[in-house]
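J.: sharing a model that was predicted from the sequence below.
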Amino acid sequence: MLRIFDNTDTLLAALADFIVDSARKAIHKHGRFSFVLSGGSSPKKLYTLLASDAYRPKIDWTKVFFFFGDERYVPATHADSNYRMAQETLFTPLNITPGQVFRMNTDLAVDAAAEGYEQDIRGYFVEKPICFDFILLGLGDNSHTASLFPHTSVLHEKDALVKGLYIDEVKMNRITLTAPVINRGAIIAFLVYGAGKAEAVHHILEDGQNIDEYPAQLIHPEQGEVVWFLDEPASANLSAAVKKGN
Ligand SMILES: O=C1O[C@H](COP(=O)(O)O)[C@@H](O)[C@H](O)[C@H]1O
């Protein structure tokens, strides 16, 4: 499903409302809400909105458990750390306790960090099917999502839930959830805004399948739903038929 908004503020408010609704339903159903965060720059305003006076009272934050879709292999205090961004915009303002946050541990070697995160996920879902309640994803202008970058081996991963790998395009190690675990999610929401993303959005949603070139095409939940939250500039290259079909 596509949801296209006139401007970023209305988009972010709609997505925040969607997260509130999803969290309440999950907490009502099974007592907790597993929320996978995206990184990069796009979600900063969303996290700030969720932690604002307007949204803070709408969710029982003590029942929310945070995971990450991917992490840059830098110390947790580094300016590029996805964990640091979430800590500053969400965890600290909302008084989230350390036990509610599962971070990809970049103090470890990259493979050990990925293996440790897989164990964390399996431990959280012990004796239950692995299924995150809500997975927030971004989209790079090269069509990557999480750290599933074009032409990388992780795109063909079938077994591991988490992988660590060197990404030549950005000259750094990354740790990422794999497509198989993302696709087990109950709700997957893409947050994409700005004209710089229009070409990638077009490739993902309208081009023929070419996973190596357009990795976000890997995201097709097995049983859950996927919702694209787009602004007008990000949706500018979509055909009227695709826009109308949403
Ligand atoms: O490197 C990353 O990029 C994508 C997109 O980020 P944005 O800055 O263009 O919003 C992001 O989804 C991912 O989590 C992040 O590590």
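T.: Yep, it's here.

J.: use CA for all of it now, contacts and neighbours both
T.: Fine.

J.: partner residues bridging the closest residue to residue 43 other than its chain neighbours?
T.: Ranked by CA to CA, 6 or more residues apart in numbering and with sequence neighbours excluded, the top spatial neighbour of residue 43 is residue 191, at 7.4 Å. Beta-bridge partners recorded for residue 191 (DSSP bridges): residue 229.

J.: mind checking how far residue 191 is from residue 55?
T.: In this view, residue 191 and residue 55 are 18 Å apart by CA to CA, to the nearest Å.

J.: neighbour count winner among these two?
T.: residue 191 (21 against 15; other CA atoms under 10 Å).

J.: if we can go back for a sec, per-residue pLDDT, the residue nearest to residue 43?
T.: On pLDDT, residue 191 comes in at 98.

J.: give the contact list for it.
T.: Contacts for residue 191 (CA atoms under 8 Å, 6 or more residues apart in numbering) come out as 42-43, 136-139, 228-230.

J.: and if you look at residue 107?
T.: 75, 113.

J.: quick one, helices of this protein?
T.: Using DSSP state H, the helices of the chain run over 8-30, 44-50, 82-86, 110-124, 179-182, 198-206, 240-244.

J.: let's have these in TSV, adding mean pLDDT.
T.: Formatted as TSV, the helices of the chain follow (pLDDT from 0 to 100):
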stretch	mean pLDDT
helix 8-30	98
helix 44-50	98
helix 82-86	98
helix 110-124	98
helix 179-182	98
helix 198-206	98
helix 240-244	86
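
J.: could those helices go into CSV alongside distance to residue 143?
T.: CSV is the format used below for the helices of the chain (distance: least, CA to CA, whole Å):
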stretch, distance to residue 143
helix 8-30, 20
helix 44-50, 20
helix 82-86, 19
helix 110-124, 23
helix 179-182, 14
helix 198-206, 5
helix 240-244, 18
